[in-house]
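Peer 1: Sequence plus predicted model, see below.
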Amino acid sequence: MTEPEDGEPIDEVLAQAEQDALYAAVVDPQASDQVRRIISWLLDEHGPAAVVAFTEALVFDLAAAMEAIGSLEGRDTVAVIDAWFHDQEMPPEP
């Protein structure tokens, strides 16, 4: 992965891409085309490693958000994630 020609550190590029993707999703829940353009731009300009770093950053930010929600609601983070994505209770443990 190469640094941007303007000398901007890749961490700043990734942070801006992450913010742009989040903004697009908040403004328009059907913003998948905009997010795809951001990912394509990262790939074209900075290579596959930038896309991997971008994805990792989003996953860790989402995990932190789920942890914060769990803390506020007094629930386990895994229960919050399960309810968020599956919209149903976790099955009982065997």
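Peer 2: Looks like it arrived, so ask away. Residues are numbered from 1 along each chain as shown.
Peer 1: From the centroid of this protein, which residue is nearest?
Peer 2: Centroid-nearest residue in the chain, with C-alpha atoms, centre = their mean: L58, separated by 2.1 Å.
Peer 1: Assess the claim that that residue and D20 are in contact.
Peer 2: No. L58 is beyond contact range of D20, at 11.7 Å (criterion: C-beta atoms under 8 Å). The way it works is simple: take the backbone N, C-alpha and C, and place the C-beta from them, glycine included.
Peer 1: quick one: what helix or strand has the closest residue to E73 other than its chain neighbours in it?
Peer 2: Nearest-residue entry for E73: V80, 6.9 Å, with adjacent residues in sequence omitted and distances by C-beta to C-beta, 6 or more residues apart in numbering. For V80, the host element (DSSP states H and E) is helix 77-86.
Peer 1: for the chain, which helix is longest?
Peer 2: When the chain is parsed with DSSP state H, its longest helix is helix 48-73.
Peer 1: so that helix versus helix 77-86, what angle?
Peer 2: Interaxial angle, helix 48-73 versus helix 77-86 (axes from the mean of the first three to the mean of the last three C-alpha atoms, to 10 degrees): 110 degrees.
Peer 1: Would you indicate which residues of helix 48-73 are buried?
Peer 2: The neighbour-count check on helix 48-73 (16 or more other C-beta atoms under 10 Å) flags 50-51, 53-54, 57-58, 66, 70 as buried.
Peer 1: H86: which of these is nearest?
Peer 2: M66 (13.0 Å; C-beta to C-beta).
Peer 1: before we move on, the earlier item: what's the average pLDDT for the longest helix of the chain?
Peer 2: Confidence over helix 48-73, taken as the mean pLDDT, stands at 89.
Peer 1: for it, the distance to its chain's centre please.
Peer 2: 5 Å (C-alpha atoms, centre = their mean, to the nearest Å).
Peer 1: which non-adjacent residue is nearest D76?
Peer 2: G70 (6.1 Å).
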